[in-house]
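# need a structure here:
(2 chains)
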There are 2 protein chains.
Amino acid sequence: MSEVGEEERTARAALTRIAEPGDEAVGRWLRQTTPVHLVQALRGERDMPPGVSKEKVKSLRLRAARTDANRSATDLATVAALGGRFICPGDDEWPQQLNDLGDGTPVGLWVRGSANLRMWALRSVAVVGARACTEYGAHLAATLGAGLADRGWTVVSGAAYGVDGAAHRGALAAEGASVAVLASGVDYAYPRGHTELIRRLAEQGLVVAELPPGDHPTRSRFILRNRVIAALTRGTVVVEAELRSGSLVTARRATELGRFTMGMPGPVTSGLSAGVHQLLRGEAIVVTDAAEVIELVGSIGDLAPTRRGPVVARDLLDPVASRVLEAIPARGGADSRWLARDSGTAEEVAQGKLLELQSLGFVQRCGAVWELARGSTAAAGSRRGGT
Amino acid sequence: MSEVGEEERTARAALTRIAEPGDEAVGRWLRQTTPVHLVQALRGERDMPPGVSKEKVKSLRLRAARTDANRSATDLATVAALGGRFICPGDDEWPQQLNDLGDGTPVGLWVRGSANLRMWALRSVAVVGARACTEYGAHLAATLGAGLADRGWTVVSGAAYGVDGAAHRGALAAEGASVAVLASGVDYAYPRGHTELIRRLAEQGLVVAELPPGDHPTRSRFILRNRVIAALTRGTVVVEAELRSGSLVTARRATELGRFTMGMPGPVTSGLSAGVHQLLRGEAIVVTDAAEVIELVGSIGDLAPTRRGPVVARDLLDPVASRVLEAIPARGGADSRWLARDSGTAEEVAQGKLLELQSLGFVQRCGAVWELARGSTAAAGSRRGGT
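As a prediction, the model looks like this:
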């Protein structure tokens, strides 16, 4: 599954504890040297690569000195115990589009949940907005989250109160794919009131973080987190945002990264729509529902995903996804419970894989029943040949 | 004041009774022949110019035959008795931008009110939208109308219920300039419930129509009227509109004519904002208040009109406007009542001229007091020289 060695993974995990997310000095160094060498240098066991201010080196070395050399191993074990993992650039699960962040590319991502982040992120949209949103904003976010999920798209957000939470809940309620990108460790539920939501996301969806287990969010970490949301997705929709809201930062970042930036308008008399309208007077595009979002971010055929062929070859699927796909009867389909039993996996895992397979164009959902997609190689000629 | 002869004016007035507004056959003929010849031809006194179908000629000749030869003289007298006039291409008061309508350019316009249509239209914005608007839409339209008027811009609309009426009222309440373009004769109040509003517009603003006195509106005349609103103004703002609303036709017409097309967003859950949002997903630009509208349609300096010099030379002003301008004291200014008395004119007339002079950059308003504009030639060096 992975080309990243144990030693590199451990070094990258250590870097998530030593440096703040998106530290561009670290990014520049990693173009010159390996993560293992960099960690050794920061621990004073080697010379530092050149080209970074002494101040910067000093502060990172201080943090490295305070970090136990075995801490990474403990962190990796902690996350593994939660059913999670630490993925790195070079891993099969690494979403390539994150590399658009250049020297600010995460050194790795801590992930909880059984789905494959890269597969889910292939067709994903960020839904962001105000924490203190109105009923109107919460309604829009939930409806949009559900509408995107219904159409096989992954909803990415930040698990905050307000718009974020409503978008995640909308996607979960539609039994769709949702990814929370946290500004803390994946085991640190923030805000506290969303502990249960984040637990459900880790079970039914994915919870992702740049910060190592146990680490807490800070103001700057929220802002840095936003760049991951923007980079991971094909586009960002802002639902409600005041002028100078953090959501506007995410949206502008999306534009800089060449992603689509969208806004859902609201009453011009509402201060919570003022930021959205400001964005819409600039680079963002007006959207009023999930279909319009997908029309924009999706390539041709995404509005009717079942008509496309799969986007990756069948033999590149991981073994569990393969087993779930093979369990689907050629005629009539089956529900996730049946498919989980037949493929010898837990129902949650099977559900995650089914959503992946849907994103990849292999399967389609019809109510509770999953069937082979019309255009998929598995189906062609056998199941639908006669119709 | 005018280069258009009596005979031509009478012929053009006759054409407004014989042909429907914007009849492109008439427009084509008028490129080949004079209005006088065309009317004679339609009355069978001459050969018709070539190039138009026999059916078309027949139907126009039928209408010409049913129109008394002296009817134009009566129409001109009727409108004159209302303090109005009939203006034609070539008149000083003719708004040149209407000629952008090509063969659909009005053959002339019936006008009630004391202001100069061309001057007022120099800095004008159309505000259009649903007849059955919501409280939200009415509030926006009234606020926008007042905001535009406050900044010396003319509000053009169609005097209908809902958004139109609210926009006119907003402008009138701010003692600003407002123009109603009717789909009937200027003496035919439609809708009936707006009789009083239209009377006030004729007194404080302008009422304009392509149709001759007494003529009633029809469905097609409403649609044809919209092109005049679009062509007369620098831009059109749609406040609330359902999908397939007539206001969207006006907006699209504005775009075709190279004018600015703008929309004020609303809740995406409101059907009355759906048409606006559709427009905003296309060519229209999001605006949320009068300042944003002016920022878009105004040239540099329009947000601070008092800093510009006048746009026409002082000796091109009409005698009444000149007298009003001369009546303004070099220091401190005066109210419209005082200026009316001092310039020997009625207060309504003085008010209209003051709004014209404001549009032209000669004067500025400070509450009830009108003063010379800082950048105007009249003021330079004398009044503000020492500050």
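# how about the residues of the stretch 101-250 of chain A that lie near chain B?
By Cβ under 8 Å from any Cβ of the partner chain, the residues of the stretch 101-250 of chain A that approach chain B are A:Tyr136, A:His139, A:Leu140. Bear in mind the C-beta positions are built from the backbone N, C-alpha and C, glycine included.
# typo on my end, the stretch 251-387 of chain A
Contact residues, the stretch 251-387 of chain A versus chain B (Cβ under 8 Å from any Cβ): A:264-269, A:273-274, A:277, A:280-281, A:285-289, A:292.
# These, buried ones only, as a PyMOL selection?
Buried subset of those, written as a PyMOL selection, criterion 16 or more other Cβ atoms under 10 Å in any protein chain shown:
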select buried, chain A and resi 264+265+266+267+268+273+274+277+280+281+285+286+287+288+289+292
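# Going by proximity to chain B, name the top residue of chain A.
A:Pro265 (3.3 Å; Cβ to the nearest Cβ).
# which residues does the nearest residue to that residue once chain neighbours are set aside contact?
Nearest residue to A:Pro265 in three dimensions, chain neighbours excluded: B:Pro265, at 3.3 Å (Cβ to Cβ, 6 or more residues apart in numbering or on different chains). B:Pro265 is in contact with A:265-268, A:273, A:277, A:280, A:286, B:273, B:276-277, B:280, B:286, B:288, counting by Cβ atoms under 8 Å, 6 or more residues apart in numbering or on different chains.
# Before we go further, B:Pro265 is sitting in a helix, right?
No - according to DSSP: H, G, I helix; E, B strand; the rest coil, B:Pro265 belongs to no helix; its state is coil.
# Could you measure from it over to B:Ala167?
Between B:Pro265 and B:Ala167 the computed distance is 17 Å (Cβ to Cβ, to the nearest Å).
# Repeat that for A:Asn99.
52 Å.
# Tell me which of the two has more neighbours.
Using other Cβ atoms under 10 Å in any protein chain shown, the more surrounded residue of A:Asn99 and B:Ala167 is B:Ala167, with 34 against 12.
# pretty sure that one is in contact with B:Val127, am I right?
Yes - under the criterion of Cβ atoms under 8 Å, B:Ala167 makes contact with B:Val127 at 3.8 Å.
# what do those two both touch?
Here B:Ala167 and B:Val127 have B:Ala141, B:Leu144, B:Gly145, B:Val155, B:Ser157, B:Val239 as joint contacts, going by Cβ under 8 Å, 6+ apart.
# Which of those fall within strands?
B:Val155, B:Ser157 (DSSP state E).
# which other helices and strands contact the helix or strand harbouring A:Ala167?
According to DSSP states H and E, A:Ala167 maps onto helix A:163-173. Judged by 3 or more Cβ pairs under 8 Å, 6 or more residues apart in numbering or on different chains; DSSP states H and E, the packing partners of helix A:163-173 are strand A:124-128, helix A:135-150, strand A:154-157, strand A:178-182, helix A:195-204.
# Now the ones you listed in TSV, please, with extra columns for distance to B:Ala321.
Shown next, in TSV, are the helices and strands packed on helix A:163-173 (distance: least, Cβ to Cβ, whole Å):
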stretch	distance to B:Ala321
strand A:124-128	55
helix A:135-150	49
strand A:154-157	60
strand A:178-182	64
helix A:195-204	68
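# Give me the helix or strand of chain A that scores worst on average pLDDT.
Sorting the helices and strands of chain A by mean pLDDT, DSSP states H and E puts strand A:363-366 at the bottom, at a mean of 82.
# export the helix or strand just after that one as PDB, just CAs?
Heading C-terminal from strand A:363-366, the first helix or strand you meet, by DSSP H and E, is strand A:369-372. What follows is strand A:369-372 as a C-alpha-only set of coordinates in PDB (Å, rounded to 0.1, in the frame of the first residue of the first chain):
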ATOM      1  CA  VAL A 369     -29.400  -0.700  -2.100                       C
ATOM      2  CA  TRP A 370     -25.900  -0.600  -3.700                       C
ATOM      3  CA  GLU A 371     -25.600  -1.800  -7.300                       C
ATOM      4  CA  LEU A 372     -23.000  -1.900  -9.900                       C
END
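# Show me the contact partners of strand A:369-372.
Here strand A:369-372 makes contact (Cβ under 8 Å, 6+ apart) with A:328, A:330, A:332-336, A:339, A:354, A:362-365, A:378-379, A:383.
# so what's A:Trp94 up against?
By Cβ under 8 Å, 6+ apart, the neighbours of A:Trp94 are A:Ile87, A:Cys88, A:Leu109, A:Leu117, A:Arg118.
# The last one falls within a helix, correct?
Yes - secondary structure assignment (three-state DSSP) places A:Arg118 inside a helix.
# re the thing from before, so which of the contacts of B:Pro265 are in helices?
A:Ser273, A:His277, A:Leu280, B:Ser273, B:Val276, B:His277, B:Leu280 (DSSP state H).
# Hmm, the fourth one is touching B:Gly266, no?
Yes - checked against Cβ under 8 Å, the pair B:Ser273 and B:Gly266 is within contact range at 3.2 Å.
# Between those two, which contacts overlap?
With Cβ under 8 Å, 6+ apart as the test, B:Ser273 and B:Gly266 both reach A:Pro265, B:Glu240.
# For A:Gln364, see how far away the closest residue to A:Leu354 other than its chain neighbours is.
In this structure, A:Leu354 finds its nearest non-sequential neighbour in A:Trp370, 5.4 Å apart by Cβ to Cβ, 6+ apart. Look at A:Trp370 and A:Gln364: by Cβ to Cβ, they are 7 Å apart.
# Can you tell me the SS state at the nearest residue to A:Ile87 once chain neighbours are set aside?
Excluding the flanking residues, the one nearest A:Ile87 by Cβ to Cβ, 6+ apart is A:Glu93, at 4.8 Å. Look at A:Glu93: counting by three-state DSSP, its state is coil.
# try A:Thr10
When classified by three-state DSSP, A:Thr10 comes out as helix.
# Not including adjacent chain positions, what is the nearest residue to it?
The nearest residue in space to A:Thr10 (Cβ to Cβ, 6+ apart) is A:Ser72, at 4.7 Å.
# what does A:Arg199 give?
Using Cβ to Cβ, 6+ apart, the closest residue to A:Arg199 is A:Ala189 (7.4 Å).
# All set, thanks.
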